[in-house]
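Colleague: the following block contains a protein sequence and its predicted model.
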Amino acid sequence: MHQTHQQDCIELLVEKARIGQIDRRNFLKAAGLLAALPLAMRSGIGWAQDRPVVIVNWGGDAIDAYRQAWTESFTRETGIPVRIDGSGPTEGAIRAQLASGRPSWDVVDAEPFTSLTLGREGLMRPLDFNTIERSKVNEAFATEFGVAGYLYSYVIAWDKERFDAAPQTWADFWDVERFPGKRTMYKWMNGVLEAALLADGVAFEDLYPLDIARALDKLDELRPHILAYWGSGAESQQLFLDREVSIGQIWNTRAIVLDRDTDGRVGWHYDNACVTPSSWAVLGDNPAGAEPAMRFIDHALEPEGQVELLRLLGNGPSNPAAEALIPEELIELNCGSVENLARQFKLDIEWYADHYGSVLDQFLSRTGA
Amino acid sequence: MITRLPEHWQYRLLLWPLPVLLLLCYVVPFAGIITWSVTLPELGVDNYVRLANDPSIHAVLWRTLYLCAIVGICALLLAFLMAYCWLYSSSRWQRWVELCIFLPFFISVLVRTFGWLVALRNNGLVNGWLQDLGLIDSPLALTRNTLGVIIAMVHFMVPFAFFPLLSSMRQIDDRVLLAARGLGASRTRVFISVFLPQTLPGLLGAFIMVFVFCLGFFIIPAILGGGSTLMAAEYVFLQMFQTYNWGIGAALCVLMLVLVSMLVWLLMRFSRVERLVG
Amino acid sequence: MNIYRVGWLAKLLALITMGFLMLPLAAVIPVSFTDKRYLSMPEGDWSLRHYIALFNSSEWINSILNSTAIAISAALLATLLSTTFVIAVWYRSNQWTRWLIGLCMLPLIIPPVVSAMVLYFMTTNVSRIAPSLGYDSLPGVILSHTLLIVPFGVINMLVAISRIDRRIELAARNLGAGLWQTTWMVLLPNLRLSMLTTFLLCFILSWEEIAVTLFITSWEVITLPRQIWSGLRDNVDPVVAAISTLLITLTLTLLLVRMAVYSWRARQHP
């Protein structure tokens, strides 16, 4: 009995090691614990390298989804183990990583302006377009330091039980008479100032450069009605699940999950949403080295994985070749489809690359009050 | 081997390892923080000028001081009550009081913060009870705001205020209280005129201690504040890991240290530290 | 004491306070049995799925192992350092040693976030010379925790050693014992129990440490509190409720055992 159980454990370990869920050191540790080191050594797993590629994303459901869509297949094909860290690669977090003298991150799923800003300062690795097939994405989505892995959007979501009408515009978002209840918005500012300006009557095409003072003033109007600024996708989900807020500016990916988890109690749409690409980028002098990191990015641009991610989370594919593979029922969810793009405005990456750091500081001091 | 060393060397071997370690790994790096505050992003006292002039930083600082004071007073009241009950009741009661103080004390601040998040949510325990009792119609906003932060911080601080208060209460000579009763004073009178004045140094000491502890807190505000109760410590955390203004973060740290030193000096001045510790 | 009693009002208020102190702990427990994948009260069906998820997750198990290793090492180091220091101060105390005691209290007095900055500076600089000893490494975390908890060790040991009769030293010295022998054969046996309680206190403090750990770790060394932190911030995950319930149960059991032992002892030696 004992023997069988041990055998079973070892098989499980070997399997996990094959698909890269555990790295070599932990594998040996665990195998050693099972007193099965010799057996494990004979199991014939090819360790491509000691150090797994560490991929940093935004946590929550995205960790499992990335595993299913990208990293498991990547490890199966290349033998390179991958670990996903969900702690959120904000610009400051990447800088702090680099300054620590012992960065552990390799590939980051960053904001496009982050990779641009940091790349221009020489902190990121220039992408190797020999390994990464540049033609896999639209011309506009690939820069020297970042290539879009998917598209996502900051949408208006609302609790259908609170009011019958659907809030359509940002002016509706600000209208607490017609749409009573608490609000939530993104803590790290993306799309928030734009929303305030749109609510104040600015047109899509006149948004940039942002009138920061005007936006912050408009935001002050809403202050008593903002329950919380969410810092992570899961937090925004929880706010709706607990009925703490009636309207929110949240990621389309979370809105889709919410719609599903609440049996349609939470509604959302792409009208007036803020669409933006993500950006795969590689830290300068990343611990796993350039080669495996670039190979992973290239793998993540394959259409199959991108469609899988759309199915799991709702992220829109960045590779045009994926369009053809999207099943009927998912077309409507894709924030990158032509119809949906027409309803949204685009985040100005250049503006953010130039202003994000200093404006974020102002924004946080104002919202934190 | 060690016994062969001359005695004063043996003594030094006992005395110095800890202070030397602290000097090297704590005091010297602190000098590094001071350096950051005057060199990042560039050489000069810009960061301190900003600390002195930036209204949004002032707002953060005032909010911190004000919240710490409220938390200090509330925690003190509750701890006073608990210590008082411990001192003058049966041993059964004492066991219960101890359990209620020790259990939260030994449980991680994260678990407790999480507990408050669960208890104070819109459809959490507290709102549920209030609604069942018919006291309110719609849920009260108890968390993700300043109120939630205060509740959780008071909860965290009660045990810290309890121990120094108890030790100062235990030093009160019961015979004095009995004598006052014997002279015909009512129980309330004895409490107000005899008991309370004698605990004042202990109260002041405990207040300063709680206040100092609160200053450096960022876990509770970060989780329960809903992004709208920015306090000094979380501000430093943001400057380090989100907005990457290490200079201003370091300057704020130096400022906090100065403030704390002043408070500790006050503490030494007005109440004897040994008594609090013992 | 019979004359001076606590009034009913004070007792009632104290009861409410006790409820307040227990409330957040009690609130966590039912949530851990929810059958939903998000934070909610169990309605109807109670489920163990989040406990199963906890024990099947290599991340959670690893974090528990990490925390245990760190807390044991840091508590041992802190106990050792504070005991030797306190003994030396006990032998000879003067203006100088009072300053040194003040120095040892620094990490206790300085706000945690400032300590976090300081230790971040320390570990990242160590990393530049020896990467495996500094930032985001096991030795780095152990050293940082040791520095943070050592004031509690010093306080605890100072209190303990002040209870030792000074004539013990004189007697030992008169019998010809040197400093080392006096320490080893006379003082330490008398301090054994206090060292044990110091170790336990330090263990708990290190086991729970989060503020500084957040600054000085990133990926390699994830402690249990750090794992809970990311569970709370990135993902309000009912697994957090499950581990919290386990921690509460464990602490409660230990406290009850301790109280039982005390009252048993009290009955043995009235």
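Modeller: Structure's in. What do you need?

Colleague: please, which helix or strand holds residue B:84?
Modeller: If you go by DSSP states H and E, residue B:84 is part of helix B:55-87.

Colleague: show me what that helix is packed up against.
Modeller: When contacts are defined as 3 or more Cβ pairs under 8 Å, 6 or more residues apart in numbering or on different chains; DSSP states H and E, helix B:55-87 packs onto helix A:349-367, helix B:91-106, helix B:146-170, helix B:196-215, helix B:232-241, helix C:8-31. Placement of C-beta: from N, CA and C, glycine included.

Colleague: the inter-axis angle of the fifth one versus helix B:196-215?
Modeller: In other words, helix B:232-241. 10 degrees (axes from the mean of the first three to the mean of the last three Cα atoms, to 10 degrees).

Colleague: any low-confidence regions in the stretch 101-250 of chain A?
Modeller: Residues of the stretch 101-250 of chain A meeting the criterion pLDDT under 70: none.

Colleague: contact residues of it facing chain B?
Modeller: A:182, A:187-188, A:226-231, A:242-244 (Cβ under 8 Å from any Cβ of the partner chain).

Colleague: export those as JSON lines, with columns for secondary structure and neighbour count.
Modeller: Shown next, in JSON lines, are those (DSSP: H, G, I helix; E, B strand; the rest coil; neighbours: other Cβ atoms under 10 Å in any protein chain shown):
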{"residue": "A:182", "secondary structure": "coil", "neighbour count": "22"}
{"residue": "A:187", "secondary structure": "coil", "neighbour count": "24"}
{"residue": "A:188", "secondary structure": "coil", "neighbour count": "21"}
{"residue": "A:226", "secondary structure": "strand", "neighbour count": "18"}
{"residue": "A:227", "secondary structure": "strand", "neighbour count": "23"}
{"residue": "A:228", "secondary structure": "strand", "neighbour count": "26"}
{"residue": "A:229", "secondary structure": "strand", "neighbour count": "25"}
{"residue": "A:230", "secondary structure": "strand", "neighbour count": "26"}
{"residue": "A:231", "secondary structure": "coil", "neighbour count": "19"}
{"residue": "A:242", "secondary structure": "coil", "neighbour count": "20"}
{"residue": "A:243", "secondary structure": "coil", "neighbour count": "19"}
{"residue": "A:244", "secondary structure": "coil", "neighbour count": "23"}
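
Colleague: how close does the closest residue to chain C within the stretch 101-250 of chain B get to chain A?
Modeller: The minimum distance from the stretch 101-250 of chain B to chain C, using Cβ to the nearest Cβ, falls at residue B:216 (2.4 Å). Going from residue B:216 to chain A by Cβ to the nearest Cβ, to the nearest Å gives 18 Å.

Colleague: pLDDT weak spots in the stretch 1-150 of chain B?
Modeller: B:1-2.

Colleague: need the three-state assignment for the residue in the stretch 51-200 of chain A positioned nearest to chain C.
Modeller: Closest approach between the stretch 51-200 of chain A and chain C, counting by Cβ to the nearest Cβ: residue A:59, at 3.2 Å. Secondary structure state of residue A:59, per DSSP: H, G, I helix; E, B strand; the rest coil, is coil.

Colleague: pLDDT value on it, please?
Modeller: Note for residue A:59: predicted pLDDT of 79.

Colleague: per-residue confidence averaged over stretch C:173-184?
Modeller: Taken as a whole, stretch C:173-184 has a mean pLDDT of 86.

Colleague: that older thread, which one, of the helices and strands packed on helix B:55-87, ends up nearest to residue C:252?
Modeller: Each of the helices and strands packed on helix B:55-87 has some distance to residue C:252 by Cβ to Cβ; the shortest is helix B:91-106, at 6.1 Å.

Colleague: could you report the neighbour count for residue 252?
Modeller: Unless you meant another one, I'm taking chain A. Using other Cβ atoms under 10 Å in any protein chain shown, residue A:252 has 28 other residues around it.

Colleague: the intended chain is chain C.
Modeller: So residue C:252, with other Cβ under 10 Å, has 16 neighbours.

Colleague: same check on residue C:46?
Modeller: 11.

Colleague: mind listing what it touches?
Modeller: C:33, C:35 (Cβ atoms under 8 Å, 6 or more residues apart in numbering or on different chains).

Colleague: look at it and give its secondary structure.
Modeller: Here residue C:46 takes the coil state, with states given by three-state DSSP.

Colleague: how close does it get to residue B:126?
Modeller: Noted for residue C:46: a distance of 22 Å to residue B:126, by Cβ to Cβ, to the nearest Å.

Colleague: does residue B:13 sit in a helix, a strand or a coil?
Modeller: Assignment for residue B:13 (three-state DSSP): helix.

Colleague: keep the residues of the stretch 101-250 of chain A next to chain B, but drop any that are not near chain C.
Modeller: Okay, of those touching chain C (Cβ under 8 Å from any Cβ), that's A:231, A:242.

Colleague: nearest to residue C:143, of the residues of the stretch 101-250 of chain A next to chain B?
Modeller: residue A:231 (30.4 Å).

Colleague: for the closest one, phi and psi?
Modeller: phi -100, psi -20 (degrees, to the nearest 10).

Colleague: surely it meets residue A:188?
Modeller: Yes. With contact defined as Cβ atoms under 8 Å, residue A:231 reaches residue A:188; the gap is 7.2 Å.

Colleague: pLDDT of stretch A:88-100, averaged?
Modeller: On average, stretch A:88-100 scores 86.

Colleague: likewise stretch A:324-331?
Modeller: For stretch A:324-331, the mean pLDDT works out to 90.

Colleague: that one spans what distance, first to last residue?
Modeller: Counting by Cα to Cα, to the nearest Å, you get 10 Å between the two ends of stretch A:324-331.

Colleague: from the stretch 101-250 of chain C, which residue is nearest to chain B?
Modeller: For the stretch 101-250 of chain C, Cβ to the nearest Cβ, closest residue to chain B: residue C:111, 2.4 Å.

Colleague: and the residues of the stretch 101-250 of chain A next to chain B, which is closest to residue A:200?
Modeller: Comparing these against residue A:200 with Cβ to Cβ picks out residue A:226 as the nearest, at 16.2 Å.

Colleague: remind me which residues of the stretch 1-150 of chain C are low pLDDT?
Modeller: Looking along the stretch 1-150 of chain C with the criterion set at pLDDT under 70, you get C:1-4.

Colleague: residues of it that sit close to chain A?
Modeller: Residues of the stretch 1-150 of chain C found near chain A, taking Cβ under 8 Å from any Cβ as the criterion, are C:37-40, C:58, C:62, C:124-125, C:127-128, C:131, C:134-137.

Colleague: among those residues, name the buried ones.
Modeller: C:38-40, C:62, C:124, C:127, C:134-137 (16 or more other Cβ atoms under 10 Å in any protein chain shown).

Colleague: so which elements touch the longest helix seen in chain C?
Modeller: In chain C, with assignment by DSSP state H, the single longest helix is helix C:58-91. Other helices and strands packing on helix C:58-91, by 3+ Cβ pairs under 8 Å, 6+ apart, are helix B:7-15, helix B:17-22, helix C:95-109, helix C:138-162, helix C:188-208, helix C:224-233.

Colleague: what is the burial count for residue C:240?
Modeller: 28.

Colleague: who are the neighbours in contact with it?
Modeller: Going by Cβ under 8 Å, 6+ apart, residue C:240 touches B:114, C:228, C:231-232.

Colleague: now do residue A:97
Modeller: A:103-105, A:283, C:218.

Colleague: all good on my end, thank you.
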